[in-house]
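Q: Next input, structure requested:
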Amino acid sequence: MNNIIYGIRPIIEAIREGKGIDKILLQSNLNSDNIRQLKEELRNSKQSFKLQYVPIEKLDSIVKGANHKGVVAYCSFVEYSSLEETVMNIFEQGRMPFILFLDHLTDVRNVGAIIRTAECAGVDCIILPNEGSAQINSDAVKTSAGAVLRMPICKSLNTKTTLNFLKASGIKLYSASEKADNNYTQVNMQEPLCIIMGAEDKGVSKEALKMSDELLKIPMNGEIESLNVSVAAGVLIYEVVRQRNQF
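A: Here you go, the predicted structure:
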């Protein structure tokens, strides 16, 4: 429970101090002056919070009998970075951006494994959508062998806005898709780029596919139609490394 805080006043103070909070669980049908004040703090904060209404039994089971006052918050294991500042710093350091966008991956172990590979390969940052993505929790830290604590991780509040920012910054968008015409080795990756990986069940979102400059596919010669997303990400990540290191 080290990443959990509960009670209205402690959570309000955490919000005011800018403490990273991934998600807030609020008791359904609860209405009081303190709850209204909490909601006002959420509206006025510069952070974006996931807010979920749950029955009191859910909160009781999380805090195991402690007095939660109708609200529980999950604190972030990492300090999220500003995408704009991260991209600016990459260019200022004279490096060629290498970014990974994980498009609504919900399996925390896959996310952790991808971040581990990305850190080993020198990926500059990971982008995660604010909604519909796996939480960066203790399982992610363990699966990544601690890489999530060293890798800049940025939150995307809106996929279209984020991808438009990357394109405007001169960064090409490459999406992994079995519908692609080109194999991943046939595309020039010696330029600023962002690789977009989609969830195993849905793939890359239609919006991201539409905005992509290139679609990439990994040839499948066996009877199983797709790779685990963390394995597929590793293949594409190290193709970038291969191309950029070949001269």
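
Q: just checking, L102 touches M197?
A: Yes: assessed by CB atoms under 8 Å, L102 is found in contact with M197 at 5.6 Å. The C-beta positions use only the backbone N, C-alpha and C, and glycine is treated the same way.

Q: which residues does the residue most central in space within the chain contact?
A: Residue closest to the average C-alpha location in the chain (CA atoms, centre = their mean): L128, at 1.9 Å. Counting by CB atoms under 8 Å, 6 or more residues apart in numbering, L128 touches 102, 111, 136, 153-156.

Q: Now flag whichever of those is closest to V87.
A: Within the contacts of L128, proximity to V87 (CB to CB) peaks at C154, which comes in at 9.0 Å.

Q: gap between that closest one and L173?
A: Noted for C154: a distance of 15 Å to L173, by CB to CB, to the nearest Å.

Q: Do I have it right that L193 meets F101?
A: No: at 10.6 Å, L193 and F101 do not qualify as touching, with contact defined as CB under 8 Å.

Q: of the two, who's got more company?
A: Taking neighbours as other CB atoms under 10 Å, L193 and F101 compare with F101 leading, 25 against 21.

Q: Neighbouring strands of the host helix or strand of that one in the sheet, and parallel or not?
A: Following DSSP states H and E, one finds F101 within strand 98-103. Here strand 98-103 has these sheet partners by DSSP bridges: strand 125-129 (parallel), strand 193-198 (parallel).

Q: dump the residue contacts of A208.
A: Contacts of A208 (CB under 8 Å, 6+ apart): 101, 103, 159, 163, 173, 175, 196, 198.

Q: Look at it and tell me its secondary structure.
A: helix (DSSP: H, G, I helix; E, B strand; the rest coil).

Q: need the helices for the chain, in chain order.
A: Along the chain, the stretches classed as helices by DSSP state H are 8-16, 33-44, 56-63, 83-92, 108-121, 138-143, 159-168, 206-211, 229-244.

Q: And the lowest-mean-pLDDT helix or strand in the chain, what does it pack against?
A: Lowest on mean pLDDT, DSSP states H and E among the helices and strands of the chain sits helix 138-143, with a mean of 82. Counting contacts by 3 or more CB pairs under 8 Å, 6 or more residues apart in numbering; DSSP states H and E, helix 138-143 packs against helix 108-121.

Q: Strand 98-103 and the helix it packs on, what's the angle between them?
A: Here helix 108-121 points in a direction 170 degrees away from that of strand 98-103 (axes from the mean of the first three to the mean of the last three CA atoms, to 10 degrees).

Q: which outside residues touch helix 108-121?
A: For helix 108-121, the surrounding residues in contact (CB under 8 Å, 6+ apart) are 100, 102, 105, 126, 128, 133-137, 139-145, 147-148, 150-151, 153, 197, 200, 228-230, 233-234, 237-238, 240-241.

Q: Any buried residues in that helix, and which?
A: Buried positions in helix 108-121, judged by neighbour count with 16 or more other CB atoms under 10 Å: 108, 110-119.
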